[in-house]
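Novice: Just need the structure, nothing else, for what follows:
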Amino acid sequence: MVRRTSERRGEDSVQDNLDLVLRDRPSDEKNGANAGLGFTFQQWWAALSIAELLAGEGDFAVAVEVKEDVAILDSAHAPTKVEFCQIKKHERDGVWVLKDLHKKGTRRKDGTYEHSILAKLYARRREFGSSRASLRFVSNLGVKLPDETGGTAYAAHADLSVLSAAQQLPVKQAIAAQLGCLDDDVDLIDVLVHKTNLPLGEPEMFVSGKLERLSSTGQLPFRLSHTSVAARVLASEVQSRASSTSYARNFDELKLRIISKSQALDILANVAESKAPLSEVLDEATAELDREGHPFIERKDIKAQRVRVCADASDRTNMIFRGVVNALQLARIPVEAAIGAKATLGQLMNEVVEEARASAPAEFTGLPLAYIRAVALLVLHDAIDFNVLTAPAGPEPKEKQ
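Specialist: The predicted structure is shown next:
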């Protein structure tokens with residue numbers, strides 16, 4: 001009786017529109033993300049998936065914590081197909097074997113067992129229907145699958161339906177036993193095992209590389225200069241969506257956990273239009289001084305001013321910083337005209353600082369020379385928005401009114 005009820009519910013779900021079935025159910029496991037723990041491997045993989053999908057022409061949406069770790073939809077508005085992805089990070093070296101994926105899990109207190117990785121995934125296919133739900137097991141390790149000689153072969157990306165009928169049988173039997181259905185009801189077409197190249201260490205650099213390729217090949221409608229920043233912003237948006245743990249009773253409420261193609265492009269466009277963080281500009285500038293062989297002590301002292309300069313730049317009420325910037329900018333114009341074409345960054349920095357201190361000494365009173373040089377590096381890299389630093393017009397003096 002229980003089995004027939006379960007089958008009836010599955011048939012009803014298959015008949016519903018996909019967006020109706022995707023909404024939360026009381027039986028769904030949804031823990032959300034803890035923002036204090038940093039980005040998870042699953043969230044970085046979702047960000048990577050977005051970057052890879054942007055290389056294609058079709059529409060898409062990436063949903064996090066919707067039934068599985070990641071769900072990839074063919075539309076954020078009226079989805080007709082979904083790929084459910086379960087992502088497993090493994091800290092050790094090695095590979096998975098096929099049995100690892102279909103053997104039942106740990107024993108519960110009531111004597112039943114947790115479902116295997118493939119059984120949990122396959123439950124989604126029974127809920128959504130094989131015509132619109134594909135399944136993917138993703139890990140940083142590959143999987144060893146049976147080959148035609150009776151041994152095993154390493155697979156980085158494979159559809160389990162390529163296995164022979166005899167090789168598929170134990171997988172189908174295990175899934176069927178755990179889900180309470182017939183072996184013949186289990187179809188392994190579009191059930192994928194996939195090894196991701198996303199590294200456990202510094203995943204942001206890998207995602208950044210994907211974004212750089214999109215940008216340099218013209219696959220984005222804008223030029224993305226700061227791909228490492230863009231990667232972290234994208235992952236941050238994924239994390240924010242994953243943290244939405246409110247129960248979604250309909251698809252509109254579920255969209256809080258979904259990033260559409262257009263939203264992904266908007267996120268990256270905002271990064272493209274923004275300037276790099278001042279700390280990053282200073283780091284790049286001091287690295288250039290290193291390459292030029294600039295005097296070590298001067299470089300060391302400039303680096304020591306990094307935090308102070310960035311803090312002062314973020315304070316729009318800091319009139320001392322504003323005066324320093326404006327004086328350096330005025331000095332920059334004649335200096336660049338005189339020596340800019342042939343000067344190194346270090347030479348330009350020192351010449352601009354010398355000219356500015358001579359022209360407006362009052363603006364620099366009491367400030368360390370290394371601090372002034374650090375600000376000059378920001379000015380030379382056009383990193384400071386002078387419109388923001390321009391003092392607002394005050395009321396006119398009474399005699400002029």
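Novice: Check the protein and tell me which residue is nearest its centre.
Specialist: Closest residue to the average C-alpha location of the chain: residue 235 at 2.6 Å, with CA atoms, centre = their mean.
Novice: Quickly find the element holding it.
Specialist: Counting by DSSP states H and E, the element that carries residue 235 is helix 227-242.
Novice: which residues sit against that helix?
Specialist: For helix 227-242, contacts defined as CB atoms under 8 Å, 6 or more residues apart in numbering pick out 32-33, 35, 39-40, 42-44, 46-47, 50-51, 62, 64-65, 204-205, 207-209, 211-212, 215, 224, 256-259, 264, 267-268, 270-272, 276-277, 280. For every residue, glycine as well, the C-beta is placed using N, CA and C.
Novice: Stretch 88-103 too?
Specialist: Stretch 88-103 is contacted from outside by 41-42, 116-119, 137-146, 152, 154, 170-171, 174-175, 193, 200, using CB under 8 Å, 6+ apart.
Novice: Over to stretch 355-363?
Specialist: Counting by CB under 8 Å, 6+ apart, 320, 323-324, 326-328, 330-331, 334-335, 364, 372, 376 sit against stretch 355-363.
Novice: just to revisit the earlier point, and the residue nearest to the centre of the chain, how far is that from residue 18?
Specialist: From residue 235 across to residue 18, the span is 27 Å (CB to CB, to the nearest Å).
Novice: Quick one: the strands in the protein, in order.
Specialist: Assigned by DSSP state E, the strands in the chain fall at 61-66, 68-73, 82-88, 96-97, 133-139, 143-146, 152-155, 157-159, 191-195, 258-260.
Novice: Next up, the contacts around the nearest residue to residue 309 once chain neighbours are set aside.
Specialist: Counting by CB to CB, 6 or more residues apart in numbering, residue 309 lies nearest to residue 374, which is 4.6 Å off, once chain neighbours are set aside. Residues in contact with residue 374, defined by CB under 8 Å, 6+ apart, are 282, 302, 305, 306, 309.
Novice: What is the burial count for the first one?
Specialist: In other words, residue 282. Counted by other CB atoms under 10 Å, the residues lying close to residue 282 total 25.
Novice: What of the fourth one?
Specialist: Burial of residue 306, expressed as a neighbour count using other CB under 10 Å, amounts to 16.
Novice: Identify the residue nearest it in space, chain neighbours excluded?
Specialist: Per CB to CB, 6+ apart, closest to residue 306 is residue 282, 5.4 Å.
Novice: How about the contacts made by that neighbour?
Specialist: Per CB under 8 Å, 6+ apart, neighbours of residue 282: 306, 309, 310, 374, 377, 378.
Novice: what's the farthest-apart pair in these?
Specialist: Using CB to CB, those span at most 11.8 Å, a distance reached by 310 and 377.
Novice: For those two, indicate the residue with more neighbours.
Specialist: Neighbours were counted for residue 310 and for residue 377 using other CB under 10 Å; residue 377 has more, 26 against 17.
Novice: surely that one meets residue 284?
Specialist: No: if you go by CB atoms under 8 Å, residue 377 and residue 284 don't touch, sitting 9.2 Å apart.
Novice: Around the closest residue to residue 350 other than its chain neighbours, how many other residues sit close by?
Specialist: Distances taken as CB to CB, 6+ apart put residue 373 closest to residue 350, at 7.4 Å, once the chain neighbours are dropped. The number of residues packed near residue 373 is 23, by other CB under 10 Å.
Novice: wait, residue 124 sits on residue 133?
Specialist: Yes: counting by CB under 8 Å, residue 124 touches residue 133, with 5.8 Å between them.
Novice: Which neighbours do those two have in common?
Specialist: residue 84.
Novice: More neighbours: which of these two?
Specialist: Set residue 124 next to residue 133 and count neighbours by other CB under 10 Å: residue 133 wins out with 23 against 20.
Novice: Tell me how far the more buried one lies from residue 82.
Specialist: Separation of residue 133 from residue 82 (CB to CB) stands at 6 Å.
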